[in-house]
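>>> Please work out how this folds:
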Amino acid sequence: MGKTLSQERVLGLIDLCLQETFEKVGGIYLDSGTSLFETLATINAEEASQPVSAHCASLAAQVKHVIFYIHTTERYMLTTDDFRVDWDEVWRTTRAVTPAEWQALQDELKAAYTELRQIADGIEVWDADRPLGEISTVILHTAFHLDQIREAMCVLKSS
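Numbering: from 1, shown residues only. This is a model prediction of the structure:
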């Protein structure tokens, strides 16, 4: 007999991890005040525009990449299309941002996150690989970029 998990329990954990990663720390794996939205609220446009080194992307590019990843994941969750994406475009094209552009980027991230949550809430059957796998990758991928942003802030705020 195979091991089984309650769908409600799995979805509850996913919900908690999404909230912790993006909105507000609940004590699952981040320190207090370090969710993505909380972190971005401490960053100004000048800091968001500055790469940590000649070989690193800016924080604005990191945020733009997370938005791109969310939208790509949504498309993959909702369709069976075989599509190609240019994963490098954001890194090649995102440059310095003004305060208004930085705020717009943060607003776009919040909107993408809200849309993802709405899509997830509308999924009736979670036993397929795509919805569960893709939501999980959004959490993991965003947590990785959150770490990149927080590490970059250690350098940028100390100089």
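>>> Give the buried residues for the lengthiest helix in the chain.
Counting by DSSP state H, the longest helix found in the chain is helix 129-158. Within helix 129-158, the residues that qualify as buried by neighbour count (16 or more other C-beta atoms under 10 Å) are 131-132, 134-135, 138-139, 141-143, 145-146, 148-150, 152-153, 156. Heads up, the C-betas are built off the backbone N, CA and C, glycines and all.
>>> give me every residue that touches the residue sitting nearest the centre point of the chain.
Nearest residue to the geometric centre of the chain (C-alpha atoms, centre = their mean): Thr142, 3.5 Å. The contact partners of Thr142, by C-beta atoms under 8 Å, 6 or more residues apart in numbering, come to 21-22, 36, 66, 69-70.
>>> now, which of these lie within helices?
Going by DSSP H, the helices hold 36, 66, 69-70 from the contacts of Thr142.
>>> Spatially, which two of those are the most separated?
Maximum pairwise distance in the ones in helices among the contacts of Thr142, criterion C-beta to C-beta, is 12.3 Å, between Leu36 and Tyr69.
>>> quick one, helices of the chain?
7-18, 36-40, 45-49, 59-78, 89-93, 99-122, 129-158.
>>> Reformat the ones you listed as CSV; add distance to Ile28.
CSV is the format used below for the helices of the chain (distance: least, C-beta to C-beta, whole Å):
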stretch, distance to Ile28
helix 7-18, 6
helix 36-40, 14
helix 45-49, 27
helix 59-78, 19
helix 89-93, 28
helix 99-122, 17
helix 129-158, 10
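>>> In JSON lines: the ones you listed, plus mean pLDDT and distance to Leu30.
Output for those, formatted as JSON lines (pLDDT from 0 to 100; distance: least, C-beta to C-beta, whole Å):
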{"stretch": "helix 7-18", "mean pLDDT": "88", "distance to Leu30": "10"}
{"stretch": "helix 36-40", "mean pLDDT": "97", "distance to Leu30": "9"}
{"stretch": "helix 45-49", "mean pLDDT": "96", "distance to Leu30": "20"}
{"stretch": "helix 59-78", "mean pLDDT": "94", "distance to Leu30": "16"}
{"stretch": "helix 89-93", "mean pLDDT": "93", "distance to Leu30": "24"}
{"stretch": "helix 99-122", "mean pLDDT": "95", "distance to Leu30": "16"}
{"stretch": "helix 129-158", "mean pLDDT": "90", "distance to Leu30": "8"}
